[in-house]
Structure formats: C-alpha cells, structure tokens
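Colleague: I need the structure of the sequence given here:
(one chain, ligands or ions: 1)
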Amino acid sequence: MSVTTARALRSLLEKSDRESLREIFGARVRFGEPLAPYTSWKIGGPADAFATVHDETELARLVRFATRRRMPWWIIGAGSNVLVGDGGVRGIVIRLAGEFALVRVRVEHGRVIVEAGGSADLALVTAKAASAGAAGIGSLAGIPGTIGGSLRMNAGTDREIGEFVRDVWVQSASRPEPHRASIRYLYRRSTLERDVVVSRVVLEFAASSARDVRSEMQTRLVRRKRTQPIALPNAGSCFRNPSGEAAARLIEAAGAKGWREGDAEVSTLHANFINNLGGATAKDVATLLARMRRAVRDRWGVELQLEVHLVGVFIDAT
Ligand SMILES: Cc1cc2nc3c(=O)[nH]c(=O)nc-3n(C[C@H](O)[C@H](O)[C@H](O)COP(=O)(O)OP(=O)(O)OC[C@H]3O[C@@H](n4cnc5c(N)ncnc54)[C@H](O)[C@@H]3O)c2cc1C
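Modeller: Numbers count the residues shown, from 1 in each chain. Here you go, the predicted structure:
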C-alpha cells in the first residue's frame, strides 16, 4: 500500500476523541463501522466513528464536539442515494434515530399537516399522510429514504417534496441549536449546505378523499414494481435527467443495458439503475458510471450529471 493510500485510510480520531464520544453516546457510537449495511447499494468501507443520535440536544452536542476538534462529519439518512467509497469515511458519520423518527399527522382547516423528524421513514410518512387524504402524496410513494435525505435531494416524481414543505428546522456547525431555515428546492437538489442537518419538518397538503389518495398511491406502487428493479440493491437513478430528456433512454440507446464491472451491472430493466449482484465494490460502480457517461457523451454529445452523492475515500482499499 502506498503512503498516500495509507494516509487516506488512517482514522482521524485520537484515543481521547474515542473516549469523549463513548462518554456522550455509550454503545451508540461505533468505531471502524462498515457503512455497506447502511446503504441501499450495500457498498461502502468503514467510518472512523458512526454515531446514532437520538434527539436535538445530542445532535447539538456532537456538532459542537466535532467543531471544537476540527473533525469532519457527514450525515447519512437511509443511504438510498449515496455511493460510499471502499476506503470508507474519515471523521464522524451521524445517523439520526429516536425522536428524529417521529411522524405526526393532523387535519386542520381542510389541510393535512405532517410533522416529521429528520430520520422519519418516507414510507411511513406517505402511508400516514395518505390515510389522512393528503392530496399529492402519491408522487412520493415508493421512494426509499428519510425525510432529511429527501429534502436535501428534493425527492419526487411528477411532484417533489419541496412543494409541500411549510417549515424546516436545521442544525449546523455554525448554529448547533435547532432553528428555522429557508431552503430552495431545485431538480433533485436543494440549497441546503453540506454541513446542515435537517432535524424537523412540517409538510402541508390539501385534504382530499383518503380512499382516492390511497388508490392512486397503490397504482403508482404497482407501476414502480413493474418498471424498476426494486428487489435488488441499487440507489435508484444514478444520473439526473438532462433537460427535456430521460437519462435512462440515452443510456439504453448507447447500448449500456447489462454492462458489467465486477458484480455491478447496469439494470436490464431500467438503464439508469446499477444493481449490486452480490459483491460489487464502489470502484466497480464508479467504473461503470464513468463508462455510461462516456458512452452517452460519445453517442449523444450530452454530459450526464450524477444524481447519487459520492462520499468518502475512492481508492482501491484491497
Ligand atoms: C429503488 C430506488 C428508487 C428510487 N426512486 C426515486 C424516485 O422516484 N425519486 C427520487 O427523487 N429519488 C429516488 N430514489 C433516490 C432516493 O430514494 C432519494 O434521493 C431519497 O430521498 C434519499 O433519502 P435518504 O434518506 O436515503 O438519503 P441518503 O441517501 O442517506 O443521503 C442523501 C443526501 O442527503 C443527505 N442527508 C441525509 N439525511 C439528512 C438530514 N437529516 N439532513 C441533511 N442532509 C441529509 C446526505 O448527507 C446525502 O448527501 C430512489 C432510490 C432507490 C434505491
């Protein structure tokens, strides 16, 4: 292993950092924790520290600690839109749980109001909101993820989550206590800074018939099952759609369906998905992404932009 590689893989934590983190989180912090199980691709090397945070006070404490120690940190949601490098992530990876997973739904003056924590499961949010008759929630049905990750990505289909956001509370290195934020939602991204965590959200929908909303949602879920390889480990669409075009169509027409690198394969069902057939590495996926991008550029002159976020150290860690 080269000196550069060894340096990129070396933990940034000192013994005293481990002790401090252990003091705050007890068994809820793990050191050298592999990230693959926390991602939908089932790919990714170890985090120096992996801390599961249960409430806003704990999150503020952790962010302050990291700032004081000049320690990089990164927040992971359900890991359904990230490719974590085989060399893992240096510093602290934060996962929200506990109070952050709560979801409350009420109907008020003909509107459906959803209050959800940053790690609330989008499937739970959509199910509860649909039962209350939230018009438009069907657009978010079947999208894996947490509320926080979905806000950052402005997840959606024909309609996007940002359209329904009434209020957002965030916590950050510069302001660790929860505070309201104003965010703009763009196509598959938002103006949230990288070091800002979404801790709470209020969504608002027009109220409609719960039966109609649930039935529309069911139709969309069935369509999704037919058109996407949802049973295999992947991260959904890898590339954003270029203006007025479907990335999947360009990739398919460039002949990439079924291409393989190691155990990573371009889906034969949906060309913008890459499946992990079992033992795929981040390097396999990254190589395939580069091939797909090159093929589309050569064939169509279009430069595809990644939708999935690349995180951590991308080197050959074997
Ligand atoms: C089978 C499949 C189908 C999919 N279909 C769709 C689809 O139809 N439409 C669509 O838009 N997407 C789709 N996706 C992509 C993915 O589901 C969404 O992007 C989802 O919203 C990501 O949420 P997450 O919690 O998994 O985020 P992660 O993948 O964990 O993180 C994504 C980004 O958000 C950040 N983040 C996570 N939590 C927080 C937080 N609390 N505060 C601030 N930042 C945070 C992370 O740091 C990272 O940068 C699909 C994925 C899969 C696997």
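
Colleague: what's the neighbour count on the residue in the stretch 201-318 of the chain that the ligand sits nearest to?
Modeller: In the stretch 201-318 of the chain, the residue that lies nearest the ligand is Gly236 (2.5 Å; C-beta to the nearest ligand atom). (C-beta placed from N, C-alpha, C; glycine too.) Neighbour count for Gly236, taken as other C-beta atoms under 10 Å: 22.

Colleague: can you check Ala280 too?
Modeller: Neighbours around Ala280, by other C-beta under 10 Å: 23.

Colleague: Torsion angles phi and psi at it?
Modeller: Per-residue torsions, Ala280: phi -70, psi 150 (degrees, to the nearest 10).

Colleague: circling back: which ones are touching the residue of the stretch 201-318 of the chain closest to the ligand?
Modeller: With contact set as C-beta atoms under 8 Å, 6 or more residues apart in numbering, Gly236 has these partners: 40, 80-81, 143-144, 228, 273, 307-308.

Colleague: and with 10 Å instead?
Modeller: 40-41, 80-81, 143-145, 153, 155, 228-230, 270, 272-274, 307-308 (C-beta atoms under 10 Å, 6 or more residues apart in numbering).

Colleague: excluding its backbone neighbours, what's nearest Ser199?
Modeller: If the residues on either side of it in the chain are set aside, Ser199 comes closest to Gly118, at 4.8 Å by C-beta to C-beta, 6 or more residues apart in numbering.

Colleague: can I assume Thr227 is in contact with Asn272?
Modeller: No - Thr227 is beyond contact range of Asn272, at 11.0 Å (criterion: C-beta atoms under 10 Å).

Colleague: Need the residues touching each of these two.
Modeller: Ala248.

Colleague: the more surrounded of these two?
Modeller: Using other C-beta under 10 Å as the criterion, Thr227 and Asn272 rank with Asn272 on top: 25 against 11.

Colleague: So the more buried one: helix, strand or coil?
Modeller: With DSSP: H, G, I helix; E, B strand; the rest coil as the basis, Asn272 sits in coil.

Colleague: ok, so what distance separates it from Ile251?
Modeller: Using C-beta to C-beta, to the nearest Å, we find Asn272 at a distance of 6 Å from Ile251.

Colleague: Which neighbours do those two have in common?
Modeller: Shared contacts of Asn272 and Ile251, counting by C-beta under 10 Å, 6+ apart, come down to 238-239, 266, 292, 304.

Colleague: Selection in PyMOL covering whichever of those residues are buried, please.
Modeller: To isolate the buried subset of the shared contacts of Asn272 and Ile251 in PyMOL, counting by 16 or more other C-beta atoms under 10 Å, use the following:
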select buried, resi 238+239+266+292+304
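
Colleague: Widest-spaced pair of the shared contacts of Asn272 and Ile251?
Modeller: Longest distance between any two of the shared contacts of Asn272 and Ile251 is 12.9 Å, between Val266 and Leu304; criterion C-beta to C-beta.

Colleague: Touching both of these two, which residues are there?
Modeller: Common neighbours of Val266 and Leu304, using C-beta under 10 Å, 6+ apart, are 238, 251, 272, 289, 292, 295.

Colleague: tell me the secondary structure for the last one?
Modeller: Taking three-state DSSP as the rule, one finds Ala295 in the helix state.
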